[in-house]
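Colleague: Structure here, sequence nowhere to be found:
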C-alpha cells in the first residue's frame, strides 16, 4: 500500500519562508513530485525529485532523502498568490500513476 | 502546446441522465488518466489508459465508463449517477514516466 503524510494546514507571512514536509511509505518508489492547486483550479506541477538532494526552481525548492522516506517543499519570498493547496505525490514505479498525499493548505497573510 | 482541455467546465445532471465528459491533449502523451476530487481532498485515481488501452480501473462503479477513441482523446461516460458522485473530475496526461502529469481544468459535476 501507499501512505503519504503532510501537514493539513500552514500559515505564513508574506515575504517569509515556509517548508512543507512530506513523509511516505510506499511499496515502490521512483520519485517524489509536488503539485500546487489553487481553489477552483487544476493541480499544476512544481517539481520532481528522483535522487537525494535539493532541486531549485526560482522561489521554490524541493528536497528528497530516500533513506529517510522524506521530502519537503521550500517556498521563499512568499507572495499572497502562493496561497493554495500543495500536494506531495509519489511515483511508485516508472509507469504507474501518481499517488497523492492529502494536501497542505498554505495561507499567506500580510 | 502543453494543455489538457476538458469540456464541459460545469455540468448539472439528473440521476437518470446520460452525459459524457471529454478530454483532449496534443502533447503526444501515451498515458491518460481520470481523477475524481472532492472538496478539500486530494485527487483520487479512477482510470488509467496507456497506449489507448485501459490499464488501471480503481474499482470504479460501472455507472462511470471510460473510453479512449484515439491517442489524443479521452471520454468519461456517465449514467445513472448518484448525488454523492458530485465532484471535480480531472483529466491528466503524462509521458508515461510518471514524472510530470499535466492536468486539465476539470469538469465540476453536480448530480441532482
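Modeller: The structure has been received and is ready for your questions. Note that the structure is predicted; figures quoted are calculated from it, not measured.
Colleague: So which residues of chain B form strands?
Modeller: All strands of chain B, identified by DSSP state E, fall at B:4-7, B:10-13, B:18-25, B:31-37, B:44-50, B:53-57, B:64-70, B:73-79, B:87-94, B:101-103, B:107-111.
Colleague: typo on my end, it should be chain A
Modeller: Remark: strands assigned in chain A by DSSP E are A:3-5, A:9-13, A:18-25, A:31-37, A:44-49, A:53-57, A:60-65, A:70-75, A:84-91, A:99-100, A:104-109.
Colleague: got CSV for those strands, with distance to chain B, mean neighbour count and mean pLDDT too?
Modeller: Any C-beta I mention is one placed from the backbone N, CA and C, and that applies to glycine too. Converted to CSV, the strands of chain A look like this (distance: least, CB to the nearest CB, whole Å; neighbours: other CB atoms under 10 Å in any protein chain shown; pLDDT from 0 to 100):
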stretch, distance to chain B, mean neighbour count, mean pLDDT
strand A:3-5, 9, 16, 93
strand A:9-13, 10, 13, 97
strand A:18-25, 12, 18, 97
strand A:31-37, 6, 24, 94
strand A:44-49, 5, 18, 92
strand A:53-57, 12, 12, 93
strand A:60-65, 13, 19, 97
strand A:70-75, 14, 21, 97
strand A:84-91, 4, 25, 94
strand A:99-100, 4, 22, 90
strand A:104-109, 8, 17, 97
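Colleague: Relative to residue B:85, which of the ones you listed is closest?
Modeller: Residue B:85 lies closest to strand A:99-100 among the strands of chain A, at 19.6 Å (CB to CB).
Colleague: what's the closest one in contact with?
Modeller: With contact meaning CB atoms under 8 Å, 6 or more residues apart in numbering or on different chains, strand A:99-100 is reached by A:2, A:4, A:26, A:35, A:87-90, A:92, B:42-43, B:45.
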